[in-house]
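Undergrad: Got a predicted model here, sequence first, then my questions.
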Protein chains: 2
Amino acid sequence: MPIAETPLQLPVPDLPAGFRAAGIHAGLKRNPTREDVALFVSDRPATAAGVYTTNLVYAAPVAYDRERTPGEGFRVIVVNSGNANACTGPRGLADAEAMAAAAAHSVGAAASEVLVLSTGIIGEFLPMPTLLAGIGQAAELLSDDQRSLVLAARGMMTTDTRPKLCGSTFIAGDRSISITGVAKGAAMVGPRMATMLGIVLTDAPLAVDDGQRLLRQACEETFNCVSVDGHTSTNDTVLLLANAAAGGSCLEGHDLDEFGRLLTETCRTLAREIADDGEGATHVIRIDVTGAASRDAARQIARTVADSPLVKTAISGADPNWGRIVSAAGYAGVSFAADQLTLHVNGTLLFTAGAPVAFDAVAVSQSIRDNRETEIRLEVGDGPGTIRFYSSDLTAEYVHLNADYHT
Amino acid sequence: MPIAETPLQLPVPDLPAGFRAAGIHAGLKRNPTREDVALFVSDRPATAAGVYTTNLVYAAPVAYDRERTPGEGFRVIVVNSGNANACTGPRGLADAEAMAAAAAHSVGAAASEVLVLSTGIIGEFLPMPTLLAGIGQAAELLSDDQRSLVLAARGMMTTDTRPKLCGSTFIAGDRSISITGVAKGAAMVGPRMATMLGIVLTDAPLAVDDGQRLLRQACEETFNCVSVDGHTSTNDTVLLLANAAAGGSCLEGHDLDEFGRLLTETCRTLAREIADDGEGATHVIRIDVTGAASRDAARQIARTVADSPLVKTAISGADPNWGRIVSAAGYAGVSFAADQLTLHVNGTLLFTAGAPVAFDAVAVSQSIRDNRETEIRLEVGDGPGTIRFYSSDLTAEYVHLNADYHT
C-alpha cells in the first residue's frame, strides 16, 4: 500500500487465525457507552516483542511488560483505559500484577502468559474491584469476529474520537499470513518516545529475535515519527504477538522481509491515524525531509517543524507562512546549508536557495483549507537522510480540551 | 533587587549619561499610532558586545552585527520593527548596510559606528524609501528624556502589548554608573536561542572583552531561560553599548563584579517581562529546577516542562495536573532518579519519592487562578545544577493570534 494512498477511513480488518478479542465497559470511565477494558487472547502460545516509552517516569504496566519481552509463551494482552497506572509507586506495580493474574484466571492461562497495558489519567490508583470484575466479564465475550475487535480497540481509547485498526495479509509459500494492528492516541503524543500504545497481532510463526528486531525497526520510522503535542507519554507501548497459527516453521529470508515490510506499513497507517485524530486537529501535517546528513538528522528537523506552535497554528489558519517553517528547521540543532534550503507546501515552491520565491499565496492557502492533509517538503542538502513525519495542527479546541480536562 | 520582588509594572528608567533616543512611526506598520523606527545614540564612542540567535537561518542584521562585535567605537543602534529583514538573501544584507549608512548620516557618524536591529515579518524586503525617511525623522527628535526612551522602546515592538524597560544605578568609587535595558518579544520566543532582542546601555567605562564576557554570562541565565512558544527566532540579538560617560578608567575587580551582577538583573527583569507579555498569556510560569547533575541539565528539564503544551494548558486552566509536569521532566532527555522526584506548585507539595501525595486540589487550583505567576518547583536529586526558567501559559487566544496573523 503506497503511503500516499493511506485511506482516512480504514476498513475493519479480521483478527489473524487463533486470536479472539473483547471490549466492555467496566466502569473506569464515567460514560457507560465507552468501553474501558479489553482482552486480546491467542489460543496458543505466541512470541512477543515490545517497544516502550523512553520517559524516565514510566508507568507500572511498562515496567511489567519491559521485564518480560521479548520472549515466548504469551497468550493474553489485557488493557484498561481511563487510568494510566503511572506514578503510582509499588502499589501500582502490585495492581499491574493483579490485573495479569485476573486476566490469566479468566481465560485459563498462567499469569506468566499475560502482558498488561494501561492508559488514561496519571497518578491515580486503579479501581481494582471494578477492573477485575470487568476483566472477568470481558473474558466471557471473547470472539474472533470484527465487532469484538472493534470493541476491544474502543476499550483502549481515551480522548480518541475513533478506534484505530488496520490489517493486511500476504502469502508466504503455501501459507496465508495476516497482520492486524490496533492503536490509540490523541494527546500526550510526542516524538522522543520509543513509540505509542499499539498492539500488532499476527498468525505468522516468528522467531523471538526477529520479532523484536522488526518491531523496533517499524516503530523507528512510524510511531517514532508522529507528534501531536511533543509530550512523550509515561505509558507508550507497542506489543507484537505472533502465534504461528498460520503453520509451518519460522519465517525467514524473503518471507521475513515481506513480513517486516507489512509490519512497518501497519504501524505507519496506525501512526498516521494518531496524528489525524490529534486532539482538536483540523489538519494532519505530513513533513518530508530529504537531503539531510542522516536519517536521525532528518527526523530531528522534521520533529522541530512538527512541534513548533507557530507552524501548527499557521496550518490551522491555512496560512502558507513559510518563514515559520524554515526558521523552525534552522533551530533544530542539526547542521545543514541554510542557503540551499528549499521548501514546497502542497506541491508549490515557496522558498529556495535561502530566498523567497514569488508564489500565489491565495491558491496555496486555499489548498491548505481544502485538504485534510498538508504536505510540507523540505530539502536541506544532498545527503542521504530522509524521513516522513506526521503531526497535527494546533487549534483553540486543543487548548479548550486540555485546559478543561481533569481535576 | 531580589528576583521574587521583580515588579510587574516597571518604572521607566533614565538613559545613562551621554545617550539619547528616539522612536517614530515611519510607515512600516499600518497603524499610525505604532512606532516602527528607533534610534539609540551615544555622544561618544562606546564599546559594544553582542549575543545572537543560534538559528542557522538568521536575519541580515544579525549577520551584519555579528561581524562587527565585540568591538570599540560604536555610537548608534538603529532599529526597525514590522519587518525582520530575514530570509531576504543578498538584497537583505545590502538593505541592512543602507540602514546603517542612513543612520550614520542622520546623526553625523560614520557607518562603521552603527549597529542594526530588525524585527517583524520574515521574508519580505524592507520598504527602503519609507524606512530611510523615518531614520532621518527620528534623528531630529533625539533626546535624553524618558519619553523619548519609551518611544524608542515602542519602536522595537511587534505583538508586544507594552514596552519593556528597566534600569539600575550603582556607585563605583566616586562614579555613579547607570545601566538601562530595553527589550521586545511576545512570540517566536524560544529557549535554544542565544538570547532575545534587547539593548542594554551603560555609561560605564568597560573593556571590550569584559563587556562581551559579562553579556554572554547574563544572557545564559536570563534571556536563555525564557520561552513563550519554543520557537527560536531568526533575529534574536542583545547588544550592550558602554560609552564610559561616567568617567574614569575601565571597571575592574569588585566594581566590575557589581556591574556584571546588575547587568544580569537587568537582563533577568527584561526576560521575565517577555514571558509575562507572551502572546495570549494569562500566567507567567516560573520553573525552578534544583538538584540536577549540572546547570545545563537543570535548564533542559525546565525547558522541557516550559515547552509542553499540556503543562501550559493545565496552568491556563488553573489545573494542578502534576502528572503532566513530572512526565515532561521525564522526557527531557536528562538522566535523574525519577523515584526521588519532588514537585511543589505554588508552595504545595504534590508529588514526592515517585508517588502522589494527598493535597487540597481546590486550594492549589484557586491559587493558580488568583496569581499572575505560577511557581513550579522541581527537585530532581542532590546534584549542584540549579536553574530558574520563565515561560507563559497557552491559551486559545495564542492560537487565534497565530492562526490569523499575516498573509
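TA: Thanks, I have the structure now.
Undergrad: who's in contact with A:Pro61?
TA: Applying Cβ atoms under 8 Å, 6 or more residues apart in numbering or on different chains, we find A:Pro61 in contact with A:85, A:96, A:99, A:116-118, A:235, A:237. For every residue, glycine as well, the C-beta is placed using N, CA and C.
Undergrad: would you turn these into a markdown table with distance to chain B?
TA: What follows is these, written out as a markdown table (distance: Cβ to the nearest Cβ, whole Å):
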| residue | distance to chain B |
| --- | --- |
| A:Asn85 | 12 |
| A:Ala96 | 15 |
| A:Met99 | 19 |
| A:Val116 | 19 |
| A:Leu117 | 17 |
| A:Ser118 | 13 |
| A:Asn235 | 9 |
| A:Thr237 | 15 |
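Undergrad: Just the closest of those to B:Arg75, please.
TA: A:Asn235 (59.5 Å; Cβ to Cβ).
Undergrad: Which residue would be the closest one in the stretch 151-300 of chain A to chain B?
TA: Across the stretch 151-300 of chain A, no residue is closer to chain B than A:Thr232, which sits at 3.6 Å (Cβ to the nearest Cβ).
Undergrad: Which pLDDT value belongs to that residue?
TA: Note for A:Thr232: predicted pLDDT of 76.
Undergrad: secondary structure element for A:Thr159?
TA: Using DSSP states H and E, A:Thr159 falls within no helix or strand.
Undergrad: Tell me which helix or strand comes right after the strand ranked longest in chain A.
TA: Criterion DSSP state E: the longest strand present in chain A is strand A:37-52. Using DSSP H and E, the helix or strand that directly follows strand A:37-52 along the chain is helix A:60-68.
Undergrad: Can you check what angle separates the helix or strand that that following helix is followed by from helix A:60-68?
TA: Once the chain leaves helix A:60-68, the next helix or strand it forms, by DSSP H and E, is strand A:71-83. Interaxial angle of strand A:71-83 relative to helix A:60-68 (axes from the mean of the first three to the mean of the last three Cα atoms, to 10 degrees): 170 degrees.
Undergrad: Could you see whether chain B lies near strand A:71-83?
TA: No. Strand A:71-83 lies apart from chain B when judged by Cβ under 8 Å from any Cβ of the partner chain; the minimum separation is 11.3 Å.
Undergrad: packing partners for that strand?
TA: Other elements packing on strand A:71-83 under the criterion 3 or more Cβ pairs under 8 Å, 6 or more residues apart in numbering or on different chains; DSSP states H and E are strand A:37-52, helix A:89-107, strand A:114-121, helix A:128-140, strand A:237-242.
Undergrad: Could you provide the ones you listed in JSON lines, with additional columns for mean pLDDT and mean neighbour count?
TA: Shown next, in JSON lines, are those (pLDDT from 0 to 100; neighbours: other Cβ atoms under 10 Å in any protein chain shown):
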{"stretch": "strand A:37-52", "mean pLDDT": "92", "mean neighbour count": "25"}
{"stretch": "helix A:89-107", "mean pLDDT": "96", "mean neighbour count": "20"}
{"stretch": "strand A:114-121", "mean pLDDT": "91", "mean neighbour count": "26"}
{"stretch": "helix A:128-140", "mean pLDDT": "97", "mean neighbour count": "19"}
{"stretch": "strand A:237-242", "mean pLDDT": "86", "mean neighbour count": "29"}
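Undergrad: Adding distance to A:Asn321, write the ones you listed out as TSV.
TA: TSV is the format used below for those (distance: least, Cβ to Cβ, whole Å):
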stretch	distance to A:Asn321
strand A:37-52	35
helix A:89-107	44
strand A:114-121	35
helix A:128-140	47
strand A:237-242	35
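Undergrad: returning to what we had before: pretty sure the residue of the stretch 151-300 of chain A closest to chain B sits against B:Ser327.
TA: Yes. Between A:Thr232 and B:Ser327 a contact is recorded at 7.4 Å, counting by Cβ atoms under 8 Å.
Undergrad: Which one of these two is surrounded by more residues?
TA: Using other Cβ atoms under 10 Å in any protein chain shown, the more surrounded residue of A:Thr232 and B:Ser327 is B:Ser327, with 34 against 28.
Undergrad: wait, is that one part of a strand?
TA: No. Counting by DSSP: H, G, I helix; E, B strand; the rest coil, B:Ser327 is not part of a strand but helix.
Undergrad: quick one: it and chain A, what's the gap?
TA: With distances taken as Cβ to the nearest Cβ, to the nearest Å, B:Ser327 is found 5 Å from chain A.
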